[in-house]
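Colleague: Next comes the sequence, and after it the predicted model I'd like to discuss.
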Amino acid sequence: MRKETFKIVKMDCPSEEQLIRMKLEPHEAVKKLEFDIPNRKLVVYHEGETQGIEHAIHELNLGSTLEASETTTERLSNDDDLSDKKLLWIVFAINAGFFIVELIAGFIANSMGLVADSLDMLADAIVYGMSLMVVGSTIVKKKRIARLSGYFQLALAIFGIIEVVRRFTGLEETPNYLTMVLVSLFALIGNAASLYLLQKKKSKEAHMEASYIFTSNDVIANIGVIIAGATVYFTRSVYPDLIVGTIVFLLVARGAFRILKLAK
């Protein structure tokens, strides 16, 4: 393992940090980056030769200078990895649990909004499960998982929109508004807690940022289903539920495109 310390005179805010991360992420040899923005220093832990890493940073024209280069036998701290795993297990359990609850409730209540939200929860649970597999892996592998999850979300959105169109053209019974509101309210509480934990973490890893995007979409979807339930009560119509189902799947598609952009 090599440990390189760079002085980067133009690195004075998080935007330069992100620029450097994006530049070094294609290098599979990079194992860890430590940023000290106040002192404008970057420590890179990597395997193999130093020349490629130094050249990549120099191409950014941020006034970089290699201050120290050494071989190290120290073990990289896995405190962040353990923290990521614990957090991902929590949000995985929340999403997997509410997927089952919302799917059953959606079919019982004949609510497309609840079914859409449950499938969104399933997608998130699968994504969190995949993210757990790459905690502690290289940055490139984490981006691959984020990309895969984005494609999965996009496929789910397309399937959901097709199902909504089918229900629009058929005769459907009015959904049970009370079930919609109560189940979505509990799901909202769970997702709000997950979002708070993810936001508090403030991780810049692609797979963790993907998790934050997914959970943000879940919160919006939960609120939408609650509004749809109330509207169904006042109008006695199936259309508010189908409209919200459509919006949920469009949010899923939007999140998928954001993930794919993040994982480039």
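Modeller: Right, received. Where do you want to start?
Colleague: Which segments of this structure make up each domain?
Modeller: Taking automatic domain parsing as the reference, the chain has its domains at 2-71, 79-262.
Colleague: Show me what the helix or strand bottoming out on mean pLDDT in the chain is packed up against.
Modeller: Every helix and strand of the chain was ranked by mean pLDDT, DSSP states H and E. The lowest is helix 14-24, at a mean of 72. Applying 3 or more CB pairs under 8 Å, 6 or more residues apart in numbering; DSSP states H and E, we find helix 14-24 packed against strand 30-36, helix 51-58. Backbone N, C-alpha and C define where each C-beta goes, glycine included.
Colleague: May I see the buried residues of the shortest one?
Modeller: Read that as strand 30-36. Using 16 or more other CB atoms under 10 Å as the test for burial, strand 30-36 gives 30, 31, 33, 35.
Colleague: same deal with stretch 94-111?
Modeller: 94-96, 98-99, 101-103, 105-106, 109-111.
Colleague: List the contacts of residue 121.
Modeller: Residue 121 makes contacts with 95, 96, 98, 99, 102, 187, 218, as judged by CB atoms under 8 Å, 6 or more residues apart in numbering.
Colleague: go again using 10 Å as the cut-off
Modeller: 94-103, 187, 190-191, 214, 218, 221-222 (CB atoms under 10 Å, 6 or more residues apart in numbering).
Colleague: Any regions of the stretch 1-150 of the chain where pLDDT drops low?
Modeller: Scanning the stretch 1-150 of the chain for pLDDT under 70 picks out 13-15, 18, 25, 74-84, 127, 130-143, 146.
Colleague: mind showing which ranges of the stretch 151-264 of the chain have poor pLDDT?
Modeller: Residues of the stretch 151-264 of the chain that meet the cut-off, pLDDT under 70, sit at 171-172, 201-211, 214, 259, 262-264.
Colleague: again, only this time at 80
Modeller: Of all residues in the stretch 151-264 of the chain, those with pLDDT under 80 make up the ranges 153, 167, 169-173, 197-215, 217, 251-252, 254-256, 258-264.
Colleague: how near is the closest residue to residue 260 other than its chain neighbours to residue 165?
Modeller: Using CB to CB, 6 or more residues apart in numbering and skipping residues adjacent in sequence, the residue nearest residue 260 is residue 150, 4.1 Å away. Computed as CB to CB, to the nearest Å, the residue 150 to residue 165 distance reads 23 Å.
Colleague: contacting residues around residue 115?
Modeller: 102-103, 105-107, 109, 160, 163-164, 167, 175, 241, 245, 248.
Colleague: what about it, helix or strand, and which?
Modeller: helix 112-134 (DSSP states H and E).
Colleague: could you point out which element follows that helix?
Modeller: Downstream of helix 112-134, the first helix or strand assigned by DSSP H and E is helix 139-169.
Colleague: ok and that following helix relative to strand 30-36, angle-wise?
Modeller: If you take axes from the mean of the first three to the mean of the last three CA atoms, to 10 degrees, helix 139-169 sits at 90 degrees to strand 30-36.
Colleague: just checking, next helix/strand downstream of helix 139-169?
Modeller: helix 177-201.
Colleague: Now do that following helix: which elements does it pack against?
Modeller: Judged by 3 or more CB pairs under 10 Å, 6 or more residues apart in numbering; DSSP states H and E, the packing partners of helix 177-201 are helix 79-109, helix 112-134, helix 206-235, helix 239-262.
Colleague: Please identify the deepest-packed of those.
Modeller: The highest mean neighbour count among the helices and strands packed on helix 177-201, using mean count of other CB atoms under 10 Å, belongs to helix 112-134: a mean of 24.
Colleague: Return the distance of it from the chain's centre.
Modeller: Distance of helix 112-134 from the chain centroid (CA atoms, centre = their mean, to the nearest Å) equals 11 Å.
Colleague: Output that helix as PDB, restricted to C-alpha atoms.
Modeller: Output of helix 112-134 as PDB, limited to C-alpha atoms (Å, rounded to 0.1, in the frame of the first residue of the first chain):
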ATOM      1  CA  MET A 112     -52.400   1.500  -7.100                       C
ATOM      2  CA  GLY A 113     -50.700   4.300  -5.000                       C
ATOM      3  CA  LEU A 114     -49.900   1.800  -2.300                       C
ATOM      4  CA  VAL A 115     -48.800  -0.900  -4.700                       C
ATOM      5  CA  ALA A 116     -46.500   1.600  -6.500                       C
ATOM      6  CA  ASP A 117     -45.100   2.700  -3.200                       C
ATOM      7  CA  SER A 118     -44.500  -0.900  -2.100                       C
ATOM      8  CA  LEU A 119     -42.600  -1.700  -5.300                       C
ATOM      9  CA  ASP A 120     -40.600   1.500  -4.800                       C
ATOM     10  CA  MET A 121     -39.800   0.200  -1.300                       C
ATOM     11  CA  LEU A 122     -38.800  -3.200  -2.800                       C
ATOM     12  CA  ALA A 123     -36.400  -1.500  -5.300                       C
ATOM     13  CA  ASP A 124     -34.800   0.500  -2.500                       C
ATOM     14  CA  ALA A 125     -34.400  -2.600  -0.300                       C
ATOM     15  CA  ILE A 126     -32.600  -4.400  -3.100                       C
ATOM     16  CA  VAL A 127     -30.400  -1.400  -3.700                       C
ATOM     17  CA  TYR A 128     -29.500  -1.200   0.000                       C
ATOM     18  CA  GLY A 129     -28.700  -4.900   0.000                       C
ATOM     19  CA  MET A 130     -26.400  -4.500  -3.000                       C
ATOM     20  CA  SER A 131     -24.800  -1.400  -1.300                       C
ATOM     21  CA  LEU A 132     -24.100  -3.600   1.800                       C
ATOM     22  CA  MET A 133     -22.100  -5.900  -0.400                       C
ATOM     23  CA  VAL A 134     -19.700  -3.200  -1.600                       C
END
